[in-house]
Structure formats: structure tokens, C-alpha cells
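Peer 1: sequence first, then the predicted structure, then my questions.
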Number of protein chains: 2
Amino acid sequence: MFNDGTTIRVEVFLLKEICICPRLSKAMDLLGKRWTALILYQLLEGPQRFNEIESSLPISGRLLSERLKELEKEDIVERKVYSEVPVRVEYSLTEKGRALEVTIREIEKWSKEWIN
Amino acid sequence: MFNDGTTIRVEVFLLKEICICPRLSKAMDLLGKRWTALILYQLLEGPQRFNEIESSLPISGRLLSERLKELEKEDIVERKVYSEVPVRVEYSLTEKGRALEVTIREIEKWSKEWIN
């Protein structure tokens, strides 16, 4: 439209303005899914078997399995299989998952103070 | 079932075990809703008019209006009407909303580091 580069500058400005959106939005899509934060909260205590997580939350096994798979796919949760008899499967937070600890603790703090 | 109070003690234990759930769950239901965190992130900058928020986010006016109403209902966002000509309406964070700043900044930090 303009030969002096005005259009380009405007576009760069707009991109800068909304640059936080895709990442923050993606993060919230991940964390905001029902039960996800509670599963991560549970895993902050350390590696746990499927049954341990299941019995600590009022969630169905099917849904927990679905959420864990999503979190594995996002490299937030790690699934380790130990070749014992019977076989032992444990879920734990990856480095990316552990990096969420401050966030989850902050939400916990806020919810304790502000949610009845 | 037992006359010695065993049942009651077991129930208290179970309630204690899952006591974080309802609050953390409610907090995540609130914050995890699509666009909510981004609207709050935007309002961290200070009071803003509807159009300002709308132009800073790729969100429809209808949806923004819906989210703001939900946040008002939860006492996280405040809507102030200034009787000027033309009338000025501004949205800002309440004390409960401002208490979310650390949380939102932490999610922002995490998303910058871990989300591509």
C-alpha cells in the first residue's frame, strides 16, 4: 500500500501487541482443562502409580487416563514402566511439569484465600 | 456401622484428603475458561474500556462481554460507569482479581520458557 514501509511497521506493531496471546493461550488451554491442575498438584508430591492418583481424586479412570496421555504428549508428565513382577507403572512430572510448581502453588494459595 | 466412632474418623480422613479439590477445581474452572486469563493479563495494565480490551485480543465483542460478566459475577473484575458525555465505562481488577497477578505472571513466564 505504501512504498515507505508504513504497512510493514504497522504489522510488526500488531504482532508485538498480541505476541503473548498464542503462548499464554496455549498454556491456559493445557492447564485449564478440567482435572489437569489437580492431577499436576497430586504429582507434585512425587512419582505415583495410576491407582494412587485415581484414589486421590474424584475422577473416573477413563478420564484420568485421557488426561495423563495428553500431559505425556505435551512432555509435562512422564510414564515409566518398571519391569518387575507384577509390572510397575509410575507417573511423574518432567522438568517442564516441575516448572509449573510455582504456578500451581500460587493458584492453590489464591483459591484458599478467595474461593469459599 | 461401628459404635466406637471408626466410621466417622474414616470420613474425616477422606474429607481431609480431598479438601483442596473443590477450591483448586473451582479456581481452575474460572481461570481455565478460554480467554479469561488473557483478559485478566490485559487488565493487569490498569483500568480499560471495553474497546481497548477488545482491540488488544483476537476475541469477539460478544464473547468478551460474556467473559467480563462472568468475572464481574465472581468479583474478580469491576465495571465502573463514569457519568461523562459520552458516558465512560471502565473495567478493572478488584482486590480478588489483583491477587491473581503473581499467578498470571508465573503462567506467562512458564509459557515463554516452555511453549513454542
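Peer 2: Done, it's in. Here the structure is a predicted model, which is why all the values come from computation and not from measurement.

Peer 1: so for whatever helix or strand residue A:29 lives in, what gets flagged as buried?
Peer 2: Taking DSSP states H and E as the criterion, residue A:29 maps to helix A:20-31. Across helix A:20-31, burial judged by 16 or more other C-beta atoms under 10 Å in any protein chain shown covers A:20-21, A:23-25, A:27-28, A:30-31. Just so you know, the C-beta spots here come from the backbone N, C-alpha and C atoms, and that holds for glycine as well.

Peer 1: lowest-confidence entry in these?
Peer 2: Least confident of these in the model: residue A:20, at 63.

Peer 1: contact residues of chain A facing chain B?
Peer 2: Proximity of chain A to chain B is confined to A:17-18, A:20-29, A:31-38, A:41, A:56-58, A:96, A:99-100, A:102-103, A:106-108, A:110-115 under the rule C-beta under 8 Å from any C-beta of the partner chain.

Peer 1: per-residue pLDDT of residue A:7, please?
Peer 2: So, for residue A:7, pLDDT stands at 55.

Peer 1: and stretch A:42-53, what's buried?
Peer 2: Buried positions in stretch A:42-53, judged by neighbour count with 16+ other C-beta under 10 Å: A:42-43, A:48, A:53.

Peer 1: could I get the residues you listed as TSV with pLDDT and secondary structure?
Peer 2: Converted to TSV, the buried residues of stretch A:42-53 look like this (pLDDT from 0 to 100; DSSP: H, G, I helix; E, B strand; the rest coil):
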residue	pLDDT	secondary structure
A:42	94	helix
A:43	97	helix
A:48	96	strand
A:53	94	helix
